[in-house]
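**Student:** Quick one, what's the 3D model for this:
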Amino acid sequence: MKSLLIAAVFASIATSSVAAQATQAGKSEASQATIAMPDNIKWGPAPAILPAGAKAAILEGNPAEAGPFTLRLSLPPGYRIAPHYHPVPEHVTVISGAFYVGMGETFDAAKTTKLPAGTFGVLPPDMRHFAMTKGRTVIQLHGVGPWSLVYVNPADDPRTKTK
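**Tutor:** Coordinates of the predicted model:
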């Protein structure tokens, strides 16, 4: 019972501390807590490097700049990302739905692995991979920017396709 009471006190102190740090005026951005409640996340268009249909929410930092970032992507059913790689490690967490990922330079849906909600993975720099969804899926990417994506076949880059 005593250890339960001590844990409750520490939890209360930690919660109060985070709340105080998050609301103190005049502090640098690095000394403030960032808390993104699901109902308050602002979704907008995904980066143009991704195929049309995805939505994005930047939770922390700026993926286009040097420094830490956290980015969520909401992907529609049937979404596909052609084979590509990243110059820096890619950290991925599946928040909801299922994300299907395959390795290699050729897209092959039969060679994907289903990553259900709760899955976390890290891909090393330059690892060729591709991805798809079957139902609505939300993933979270985090790392140190600048974040970029390089398509194995430059013709797969949505920015180069004629509309």
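
**Student:** Return the per-residue confidence for the nearest residue to Gly53 once chain neighbours are set aside.
**Tutor:** Nearest residue to Gly53, sequence neighbours excluded (Cβ to Cβ, 6 or more residues apart in numbering): Pro76, at 4.8 Å. In short, each C-beta sits where N, CA and C put it, glycine included. Pro76 carries a pLDDT value of 98.

**Student:** Spit out the contact partners of Pro76.
**Tutor:** Gly53, Ala54, Thr133, Arg136 (Cβ atoms under 8 Å, 6 or more residues apart in numbering).

**Student:** is it true that the first one touches Ile81?
**Tutor:** No. Using Cβ atoms under 8 Å, Gly53 is not in contact with Ile81, being 10.8 Å away.

**Student:** coming back round to it: ranking the contacts of Pro76 by neighbours, who comes first?
**Tutor:** Per-residue neighbour counts (other Cβ atoms under 10 Å) across the contacts of Pro76 peak at Thr133, which has 21 neighbours.

**Student:** Take the contacts of Pro76 and lay them out in TSV including pLDDT, secondary structure and distance to Met37.
**Tutor:** Output for the contacts of Pro76, formatted as TSV (pLDDT from 0 to 100; DSSP: H, G, I helix; E, B strand; the rest coil; distance: Cβ to Cβ, whole Å):
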residue	pLDDT	secondary structure	distance to Met37
Gly53	97	coil	25
Ala54	98	coil	22
Thr133	98	coil	24
Arg136	98	coil	20
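
**Student:** Now render these as CSV, adding distance to Val152.
**Tutor:** Compiled in CSV, the contacts of Pro76 are given as follows (distance: Cβ to Cβ, whole Å):
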residue, distance to Val152
Gly53, 21
Ala54, 19
Thr133, 20
Arg136, 26
